[in-house]
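Trainee: With the sequence up front, the predicted model follows.
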Amino acid sequence: MLCALIMAGGKGTRFWPLSTEKKPKQFLKLIGEETMIKMTVNRIKPIIPTERVFVCTAAMYVDLVKEQLPELPGKNIIIEPEGRNTAPCIALSAFIIKRFNEDANMIVLPSDHLINDEDEFRNIVKRANNFLENNEEAIITLGMKPDRPEIGYGYIKYTDNLEANNEFNIFKVDRFVEKPNEEKAKKYLEDDSYLWNSGMFLWKASNIINEIKKYSPQTYEAIHEIEFGKEKLLQKLINDRYHKIESISIDYAVLEKSNNIYVVPSKIGWDDIGTWKSVERYRDKDINDNILYGNARVIESKSNIAINNVKRVVMIGIEDVMTLETEDSIYIVNKDYMENLRKYKNII
């Protein structure tokens, strides 16, 4: 039985001041009419019912999750006492999911991704899940075909074809590659054996727990008792144990050490909405490449971004500028500064 884990505990600091600690990017409408987390849930609903969707988040975001996903059962909200990176989040969630279904398969999804071809995404997930049924020790990742020399993503190098037919190709992973410089990124783009690491995974809950026990025993020992702990004492047990876990990504903790990693090369119109430049790639633009969100007008202006809620923004003779309206301020920023706005947070 396939369950979904949506990781939604990040603080989205790159999108400050629009994204704040109280309401980070996964709860914002960055690239459409729905919030990022709502888009993620809706994307998998046709193949995974809501009762098998789990969200792992921080305690301070539980009310936001309930507000934006009112159909989600309360027991499906997994609360991290503190952010400890992806390996602890996944370990905690795997134990919780296994409590509800001993034989559960899991797909792990970040809450802030864009996928344009959702039908193909779901087809890949279903085929990968079928593969898991016959290969219970497999760890499957979705690798994205690069379309530009991206230096902001990690890469996956894959090797021999494991299974080839017209319906489904899955490959054994050779290695995971750190974020490259521009020269290496261009070489990876030319080499068909490199894919972007999307951070989306499928595995059996029991298998990822075993892999964590093997390769990250400190994490396992800290929280393994939650698998069989009494329901009414579960959150207290998590709160008491979670701080003992090493803060480490699942890539470093398990994936770079395991011998059973497979990748599905995927063409699904994927992107990680992690920077303002990624938002700019997908927001609708007018004929002069302006992105207008809210009550805004541009006159003889081009390549601007206006995001406002109340006050009308009028741009005249402006180029390469972003304006942002928050509850207490209006920011006017040269677009060259977009990716580093957070460094000015403490001096404003």
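Mentor: Structure received. None of the values given here were measured: they were computed from a predicted structure. Numbers count the residues shown, from 1 in each chain.
Trainee: for the stretch 101-250 of the chain, which spans come out with low pLDDT?
Mentor: The model of the stretch 101-250 of the chain has pLDDT under 70 over residues 160-168.
Trainee: which stretches of it form helices?
Mentor: 118-134, 182-190, 205-215, 217-223, 234-241, 250 (DSSP state H, counting those that start in this stretch).
Trainee: Now tabulate these in a markdown table and tack on distance to Arg281 and mean neighbour count.
Mentor: C-beta coordinates here come from the backbone N, C-alpha and C atoms, glycine included. Below are the helices of the stretch 101-250 of the chain laid out as a markdown table (distance: least, C-beta to C-beta, whole Å; neighbours: other C-beta atoms under 10 Å):
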| stretch | distance to Arg281 | mean neighbour count |
| --- | --- | --- |
| helix 118-134 | 18 | 17 |
| helix 182-190 | 17 | 14 |
| helix 205-215 | 32 | 20 |
| helix 217-223 | 36 | 17 |
| helix 234-241 | 38 | 15 |
| helix 250 | 27 | 24 |
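Trainee: Let's have the ones you listed in TSV, adding distance to Glu82.
Mentor: Below are the helices of the stretch 101-250 of the chain laid out as TSV (distance: least, C-beta to C-beta, whole Å):
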stretch	distance to Glu82
helix 118-134	30
helix 182-190	34
helix 205-215	18
helix 217-223	13
helix 234-241	9
helix 250	17
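Trainee: Ok, which of those comes nearest Ser258?
Mentor: Nearest to Ser258, of all these, is helix 205-215, at 5.7 Å by C-beta to C-beta.
Trainee: contacting residues around that closest one?
Mentor: 3, 87, 90-91, 94-95, 97-98, 101-106, 136-139, 203, 219-220, 224, 227, 253-254, 257-258 (C-beta atoms under 8 Å, 6 or more residues apart in numbering).
Trainee: returning to that earlier point: looking at the helices of the stretch 101-250 of the chain, which is nearest to Asn76?
Mentor: Once these are compared by C-beta to C-beta, helix 234-241 is nearest, at 13.3 Å.
Trainee: Now do the closest one: distance to the chain's middle.
Mentor: Relative to its parent chain, helix 234-241 has a centroid offset of 25 Å by C-alpha atoms, centre = their mean, to the nearest Å.
Trainee: and the gap between the most centrally placed residue in the chain and Ala91?
Mentor: The residue lying closest to the centre of the chain (C-alpha atoms, centre = their mean) is Pro110, at 2.1 Å. Applying C-beta to C-beta, to the nearest Å, the value for Pro110 to Ala91 is 16 Å.
Trainee: would you say Asp328 is within a strand?
Mentor: No. Read with DSSP: H, G, I helix; E, B strand; the rest coil, Asp328 is coil and lies in no strand.
Trainee: Now do it, the pLDDT please.
Mentor: Asp328 carries a pLDDT score of 83 in this model.
Trainee: Can you give me the distance of the residue nearest to the centre of the chain to Thr86?
Mentor: From Pro110 to Thr86 the distance is 9 Å (C-beta to C-beta).
Trainee: Note down every partner strand of whichever strand or helix holds Tyr331 and its orientation.
Mentor: Counting by DSSP states H and E, the element that carries Tyr331 is strand 330-334. Its sheet considered, strand 330-334 pairs with strand 321-325 (antiparallel) by DSSP bridges.
Trainee: Which of the residues in the strand it pairs with are classified as buried?
Mentor: For strand 321-325, a neighbour-count test (16 or more other C-beta atoms under 10 Å) marks 321-325 as buried.
Trainee: Report the mean confidence score over it.
Mentor: On average, strand 321-325 scores 92.
Trainee: can you list contacts of that strand?
Mentor: 17-18, 276, 294, 296, 304-311, 313, 315, 330-335, 338.
Trainee: Sitting in strands, which of those do you find?
Mentor: Judged by DSSP state E, strands contain the following of the contacts of strand 321-325: 296, 305-307, 313, 315, 330-334.
Trainee: Going by distance to Ala58, which of these wins?
Mentor: Once C-beta to C-beta is applied, the member of the ones in strands among the contacts of strand 321-325 that ends up nearest Ala58 is Ile307, at 24.9 Å.
Trainee: I'd like the distance from stretch 37-52 to the chain centre, please.
Mentor: Taking C-alpha atoms, centre = their mean, the mean C-alpha location of stretch 37-52 is offset from the chain mean by 14 Å.
Trainee: Likewise for stretch 23-35?
Mentor: 13 Å.
Trainee: List the buried residues of it.
Mentor: 23-28, 30-31, 35.
Trainee: any idea how far Pro217 lies from Val321?
Mentor: Distance of Pro217 to Val321, computed by C-beta to C-beta: 52 Å.
Trainee: Then Pro70?
Mentor: Remark: distance between Pro70 and Val321 (C-beta to C-beta) = 38 Å.
Trainee: next one: Glu51
Mentor: From Glu51 to Val321 the distance is 47 Å (C-beta to C-beta).
Trainee: Please apply the same query to Lys179.
Mentor: Taken as C-beta to C-beta, the span from Lys179 to Val321 is 29 Å.
Trainee: Tell me, how many residues neighbour Ile107?
Mentor: By the measure other C-beta atoms under 10 Å, the count of residues near Ile107 is 23.
Trainee: Which residues does it form beta bridges with?
Mentor: Applying DSSP bridges to Ile107 gives these bridge partners: Ala4, Leu202.
Trainee: Next up, the contacts around it.
Mentor: The contact partners of Ile107, by C-beta under 8 Å, 6+ apart, come to 2-5, 44, 48, 125, 129, 200-202.
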